Every structure is written in structure tokens, then in C-alpha cells.
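> Dropping a prediction and its sequence here:
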Amino acid sequence: MSAVAIDFETANERRDSACAVGLAWIEHGRVVRRETRLIRPPELRFAPGNIRIHGILPADVRDAPAFPEAIAPFLDDLRGRLLLAHNAPFDMGVLRASLAAWGQPVPAFASLCTLQVARRVFPDPAGCGLSKVAARLGIRFEHHDAGEDAYACAEIALAALRETGLDDLRTLAKRLALPIVTQAPGYHPNLEAAASTASRALLATRERKAAPDDALRFTMRGSTGNRYEVVLEEHALGPYLRCSCQAGRNRRRCRHVDAVVEGDVTDLLSGNFADVERLRRRLDGAEVGPVRARRVAAA
């Protein structure tokens, strides 16, 4: 009996915005291999809610491979295999949408949802979310790390086999009257448009010429909910980030400037995510002069 558990983290609400993938291989009744890869999504637009869940920032994936390169080493292991995921419709949807967005054919595979398995084998009024089931079963892992989540998913499937006295996941699905969803190989029906959209988005974030620097301004939420403006200015010694908070007015570097420089958009209220990437390119460029790219003074 062999299977692969898979888990994706996404940058925003789009299914083709995968920013991490984790896999765990099951062979002969145990997890024999685990892998995690960061992925650069087609656009570096990270929703604050997604960042709060997985903690991945645009800066973390800026130099990561795009989806085709990240998933390529594992595609052969997915073809014809039984894929496991906790809330499989989400993860299978990310896999299909991301492959289609980059013009890649979707391989044939079958999938089984371990969330549905847990609801039948390990029911509990508290629910059957991944972390709750893992805690009840004594599975130790770091939630919302893609590789760790894939591992927990695999261990839940193995625990269900032990609980039911079975030795095969397809037999388990049949016993529980759960569907094994099959995916036929092929292309997304809107493949050409989807691939074009993904490539245009990536090129936009990597190659778009920056607008005038005085257009780079960001509204940030403070710790008490106040709104502060971070503005890029050009000084004699190089770029200068000014914040309207008390620390900024006192010519001290503040956490709002740090967040914008590091690409942390958790508290970005203005919603101009693309400008965060433009700022990064501006600070990394040779024209920055004596000011170090990632240690821009706030005063």
C-alpha cells in the first residue's frame, strides 16, 4: 500500500497562488519520506489573512522557483497514485489550478480526503480539523507548515487503518463509504488563457518599470489600530522612508518601516501589494547609493 499526502499554502484567495507545498510518502504502513518547497506565486500579492495563517511573507518566496519548477521533481510520484489531503477539495483544486495556470497538463491521480476519514473514524464534538485530530491522536507537528501538515495528514490516514484493522486505504474508503475522486489526465479547458494570465502576472512583478518614487506610499495599521503613512523620499544620501508615527516623527526607525521593507503586508491597509515589490526593487537597485538595501534608515 502506497500513497502520497499533499498540502498547499496559498498567498491569497486564488487557487493558483500556491506559495508552499509539502508532501509525505506512505510505503508499507509508515511515512518514509517528507519534503517541503517554497513557491513563488505568479504575483507577490499576499493577503494578510493568509500570512496570519502560515507566516509566509513575500520576502520568503521572492527567490523561490515558480510552480512548474517547484512541483516538477514530484510529478512522477503523483501520477497514478492515491493522493491524501485534509480537506482534499482545496488542495486538489490548488494542484489543478496551478498546473493549468502554467500550461502544465494535470496528471492522472486519485484522491481521498482525510478530513472525511477522520469524521467517520475519529468523530468528536470539538471537530476534525487537522490540528484537533492530530492532538487527539498524539501526532506532533507544526501546523500550517506545508510539509508538517502533509505528514500529519499521512499519520491520520495510517491511524485510521490501525483503528479499523485494515491495511489498504482504498479498502478503508470503501468501508467508510467515502468516494475516491479520480482525476483524468489532460489540460484545463481554459489552459491558454490561464497560462497567459499567470505568465503576465509574473512578468509584471519582475519586469515592470517602477513609477516615480514619490508614488510609493503605504498606509500601515499601528498596534492600537491607528493609521500611519510610510512614504519613500529621495534624499542626498539615498532613499529615505518616513513614517508618520511618533517614532518616525522623532527620526527613529519604526516597525511600520521594517514591515514594508521586509515585505510583511499583514498590517498594510492601503492594499497596494505590488508597490511593496516595487519598493524592494528600488532598495535593491544600484542607484540606492550609500544606503544599504535592506537597512534603509528611517531618519
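That came in fine, so what should we check first?

> contacts and neighbour counts: CA atoms only from here.
Noted.

> ok, Arg15 to Lys132 distance?
Applying CA to CA, to the nearest Å, the value for Arg15 to Lys132 is 25 Å.

> Same drill for these two, tell me which one is more crowded.
For Arg15 versus Lys132, the count of surrounding residues by other CA atoms under 10 Å is larger for Arg15: 20 against 14.

> sec struct for the more buried one, please.
At Arg15 the chain is in coil, as set by DSSP: H, G, I helix; E, B strand; the rest coil.

> So what does Arg14 have for phi and psi?
phi -80, psi 140 (degrees, to the nearest 10).

> can you give me the helices in this structure?
48-54, 58-61, 67-78, 88-101, 114-121, 130-137, 146-164, 169-175, 191-207, 246-249, 255-262, 273-284 (DSSP state H).

> May I have the last one as PDB, with CA atoms only?
The reference is to helix 273-284. Extracted in PDB, the C-alpha atoms of helix 273-284 (Å, rounded to 0.1, in the frame of the first residue of the first chain):
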ATOM      1  CA  PHE A 273       0.800  45.000  -2.600                       C
ATOM      2  CA  ALA A 274       2.500  45.500  -6.000                       C
ATOM      3  CA  ASP A 275       4.100  48.600  -4.600                       C
ATOM      4  CA  VAL A 276       5.800  46.600  -1.800                       C
ATOM      5  CA  GLU A 277       7.600  44.600  -4.500                       C
ATOM      6  CA  ARG A 278       8.400  47.900  -6.400                       C
ATOM      7  CA  LEU A 279       9.900  49.300  -3.200                       C
ATOM      8  CA  ARG A 280      12.000  46.100  -2.700                       C
ATOM      9  CA  ARG A 281      13.400  46.500  -6.300                       C
ATOM     10  CA  ARG A 282      14.100  50.200  -5.600                       C
ATOM     11  CA  LEU A 283      16.000  49.400  -2.500                       C
ATOM     12  CA  ASP A 284      17.900  46.600  -4.100                       C
END
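
> helices and strands around it, which ones?
Contact here means 3 or more CA pairs under 8 Å, 6 or more residues apart in numbering; DSSP states H and E; on that basis helix 273-284 packs against helix 191-207, helix 255-262.

> Going by mean pLDDT, which of those helices comes out lowest?
With a mean of 50, helix 191-207 has the lowest mean pLDDT of the helices and strands packed on helix 273-284.

> By mean pLDDT, which helix or strand of this protein comes out lowest?
Least confident helix or strand, the chain: helix 191-207 with a mean of 50, by mean pLDDT, DSSP states H and E.

> where does the stretch 151-299 of the chain have low pLDDT?
The stretch 151-299 of the chain contains residues with pLDDT under 70 at 186-215, 284-299.

> Val94: how many residues sit nearby?
Neighbours of Val94 (other CA under 10 Å): 21.

> before we move on, what about Ile71?
Neighbour tally, Ile71, other CA under 10 Å: 18.

> likewise Ala47?
Neighbours around Ala47, by other CA under 10 Å: 18.

> From Leu23, how far off is it?
Note on Ala47: its distance to Leu23, by CA to CA, is 24 Å.

> repeat for Gln246
Using CA to CA, Gln246 is found at 46 Å from Leu23.

> neighbour count winner among those two?
Taking neighbours as other CA under 10 Å, Gln246 and Leu23 compare with Leu23 leading, 27 against 11.

> Excluding covalently adjacent residues, which one is nearest to the more buried one?
Residue nearest to Leu23 in three dimensions, not counting chain neighbours: Ile6, with 4.5 Å by CA to CA, 6 or more residues apart in numbering.

> tell me the contacts of the one you found?
Shown in contact with Ile6 (CA atoms under 8 Å, 6 or more residues apart in numbering): Val21, Gly22, Leu23, Ala24, Leu83, Leu84, Ala85, Asp91, Gly147, Ala150.
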